[in-house]
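**Student:** quick one, what's the 3D model for this:
(chains A, B, C and D)
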Protein chains: 2
Amino acid sequence: MLIGEMGEPAARAGSALRTSGYRLTRQRQLVWDTLRRTRRHLSAEQIGAALKRQEQAVDMATVYRSLDVLQRLGLIRSSRLGERQYFEVAEPGEHYHLVCDNCGTANHIEGEDLAPVLRHITDGHRFAVRSADLIVHGWCEKCQAKLASTP
Amino acid sequence: MLIGEMGEPAARAGSALRTSGYRLTRQRQLVWDTLRRTRRHLSAEQIGAALKRQEQAVDMATVYRSLDVLQRLGLIRSSRLGERQYFEVAEPGEHYHLVCDNCGTANHIEGEDLAPVLRHITDGHRFAVRSADLIVHGWCEKCQAKLASTP
DNA sequence: GTAACTGCAAATTCTTTGCACATAT
DNA sequence: ATATGTGCAAAGAATTTGCAGTTAC
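**Tutor:** Numbering: from 1, shown residues only, chains lettered A, B, ... in the order given. Got it, this is the predicted structure:
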């Protein structure tokens, strides 16, 4: 099941920033809002481009710095999908990344299936798991059909 | 269980290269041997540095090009662990990457635990899985002890 | 008022590419 | 013999950094 709306309070970023001694600036707000409005993963460049499109241009250096702060506060998380680093709002619970090698789209799906795997790692290897990211490469449904028709 | 020696025939690269129309050069041999001798992941830079140390310097451009060929032949595989791309000899079977966020070392462990997870993805989501990489971040045993003693 | 933040431009880092020469087959 | 591969140097892409001016608190 694809992750849909999740009722993330928009004010969350503001209070999280302030209680940590950071300041709530127009730029940080904009970066956060951009990520919140999308349910997909966005690269830093995509965020910058989106903001420029809405005449709210933010310098790329600032986009990167904002992403860094938001990540430090645990509000967003990132993973390397393909070439770039992609960012998304941090949601509780596991999810995997499905990257289509044909069209490049990256979706995430929820699930608790990783629990036994992580337990194995913790028990068998004395490794303290902090976070886990399962990146699956392959073909999405659309591209499977496309590739089947042109052999 | 950490992956140890696996009896990889050293000649594998040579024949794989030749039957695919590639040439077996000193540089490709060196890059392959370097990866074979290590059971850990190596970045392109680490491979280059290792070769320089043994007075067998290979230009970085060539290291990258060699890695590219070896990967195309399926002899090695790579994943993005942390900042860099890391390379390792391709072994059959699943394995996960354990990245210690404290000391940075990346190990891999074997296991078949991912099978049910991937089945879930295939069945429930009509996504054709081609490869999967589970990257687990956390603290390795050594660093857990270290961090426990200094709170 | 002042420490934190931003934009700009320059620096860095990792990786790729163009080209003349070298080498494996 | 000749297509492939290499080294070198230069280009690229993504991200970081230094700094003077700006802004949130």
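**Student:** export only the CA atoms of the host helix or strand of A:I109, formatted as CSV.
**Tutor:** Assigned by DSSP states H and E, A:I109 belongs to strand A:106-110. The C-alpha coordinates for strand A:106-110 follow below in CSV (Å, rounded to 0.1, in the frame of the first residue of the first chain):
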residue,chain,number,x,y,z
ALA,A,106,11.0,5.7,-6.4
ASN,A,107,8.1,4.7,-4.2
HIS,A,108,8.0,3.5,-0.7
ILE,A,109,5.8,0.8,0.8
GLU,A,110,5.0,0.2,4.4
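**Student:** quick check: next helix or strand after it?
**Tutor:** On the C-terminal side of strand A:106-110, the closest following helix or strand by DSSP H and E is helix A:114-125.
**Student:** hmm, who's touching that next one?
**Tutor:** The contact list for helix A:114-125, computed with Cβ atoms under 8 Å, 6 or more residues apart in numbering or on different chains, reads A:94, A:96, A:127-129, A:132, A:134, B:1, B:96, B:98, B:109, B:111, B:113-114, B:116-117, B:134, B:136, B:141. No exception for glycine: its C-beta is placed from N, CA and C like everyone else's.
**Student:** and the buried ones among these, selectable in PyMOL?
**Tutor:** Buried subset of those, written as a PyMOL selection, criterion 16 or more other Cβ atoms under 10 Å in any protein chain shown:
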select buried, (chain A and resi 94+96+127+128+129+132+134) or (chain B and resi 96+98+109+111+113+114+117+134+136)
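**Student:** ok, back up a step: list the buried residues of the strand holding A:I109.
**Tutor:** With burial defined by 16+ other Cβ under 10 Å, the residues of strand A:106-110 counted as buried are A:A106, A:N107, A:H108, A:I109.
**Student:** so the second one touches A:H95, yeah?
**Tutor:** This means A:N107. No - using Cβ atoms under 8 Å as the test, A:N107 is too far from A:H95 to be in contact (9.5 Å).
**Student:** which SS class is the nearest residue to A:L134 once chain neighbours are set aside?
**Tutor:** Spatial nearest neighbour of A:L134, chain neighbours left out: A:Y96 (4.2 Å); criterion: Cβ to Cβ, 6 or more residues apart in numbering or on different chains. Following DSSP: H, G, I helix; E, B strand; the rest coil, we place A:Y96 in the strand state.
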